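1. Provide a 3D model corresponding to the input given below.
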Amino acid sequence: KKRSAEIARRLARRVRLLRRRVGVIEGPAPAPQPINLRSFVAELAESVSTEDGGGPRVHAADVTASFAVPSAAVAVENLLRNAMEAARKLSNDAPDRVTLRAARTNESVTFLVCDRAGGISPEFVREGLFRPFRTARAGGTGIGLYMAREIVRAAGGSLRMATAPGKGTVVRVRLPLAPR
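-> A predicted model of the protein is given here:
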């Protein structure tokens, strides 16, 4: 009974995120809306958690920020899924290898997705990164990172990546705050 309730809760959360994703892709750029950063990153982390409950570590201030929430949800969830998958390939302790951080400044909200999952080869960074249908993963589609960057750009933000082969990757998503 407890297991069924947990599965239903996870499924409901994934349906909400999927609805956000479809709305962001098909509709106009979403208007900024206020949300608690700590709650937001906790929900994103839970959406990519493993069946045994293991998910990325999260760090975020308990503050409200007004930004393009659907855009951030789609982009950051995709980045977290990529990081968790890469980390799982290296080790069973994938959640210990992935961190999500969020912070607000006067002008923007920034999300950092960090993994210790081996990084990306310099060749792929030069030749395939952010290009649709190019992937370094077996079974990958090559649209996730490209889509994430385009969604963030459409919301007036930026997505940057730093990677060190053999060590890991850090992806920074910055979205502007709504004018006060």
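2. Which pLDDT value belongs to the most centrally placed residue in the chain?
-> Against the mean C-alpha coordinate of the chain, by Cα atoms, centre = their mean, the closest residue is residue 76 at 1.8 Å. Taken from the predicted model, the pLDDT recorded for residue 76 is 91.
3. Now the phi/psi pair for it, please.
-> Dihedral pair for residue 76: phi -70, psi -40, per degrees, to the nearest 10.
4. mind checking how far it is from residue 111?
-> 5 Å (Cβ to Cβ, to the nearest Å). Using the backbone N, CA and C atoms, a C-beta is placed for each residue, glycine as well.
5. that older thread, so the residue nearest to the centre of the chain sits right up against residue 109, yeah?
-> No - at 10.5 Å, residue 76 does not count as touching residue 109 under the criterion of Cβ atoms under 8 Å.
6. going on from the helix or strand bottoming out on mean pLDDT in the chain, what's the next piece of helix or strand?
-> Here the helix or strand of the chain ranked lowest by mean pLDDT, DSSP states H and E is helix 2-26, holding a mean of 60. The element immediately downstream of helix 2-26 (helix or strand, assigned by DSSP states H and E) is strand 33-36.
7. That next one pairs with which strands?
-> strand 64-67 (antiparallel) (DSSP bridges).
8. List of residues touching the partner strand?
-> 32-37, 104, 108-109, 155, 175-178 (Cβ atoms under 8 Å, 6 or more residues apart in numbering).
9. Over to stretch 37-49?
-> Everything outside stretch 37-49 that qualifies as a contact, by Cβ under 8 Å, 6+ apart, is 10, 13-14, 17, 55-65, 69, 72-73, 76-77, 80-81, 84, 95, 100-104, 109, 111.
10. quick revisit: what would the contacts of strand 64-67 look like in CSV with pLDDT, neighbour count and distance to residue 5?
-> Listed next are the contacts of strand 64-67 as CSV, based on pLDDT from 0 to 100; neighbours: other Cβ atoms under 10 Å; distance: Cβ to Cβ, whole Å:
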residue, pLDDT, neighbour count, distance to residue 5
32, 81, 20, 34
33, 85, 12, 29
34, 90, 11, 30
35, 90, 17, 25
36, 93, 15, 24
37, 91, 21, 27
104, 93, 17, 33
108, 93, 17, 38
109, 94, 26, 32
155, 86, 24, 35
175, 93, 24, 34
176, 92, 16, 39
177, 91, 17, 36
178, 86, 13, 36
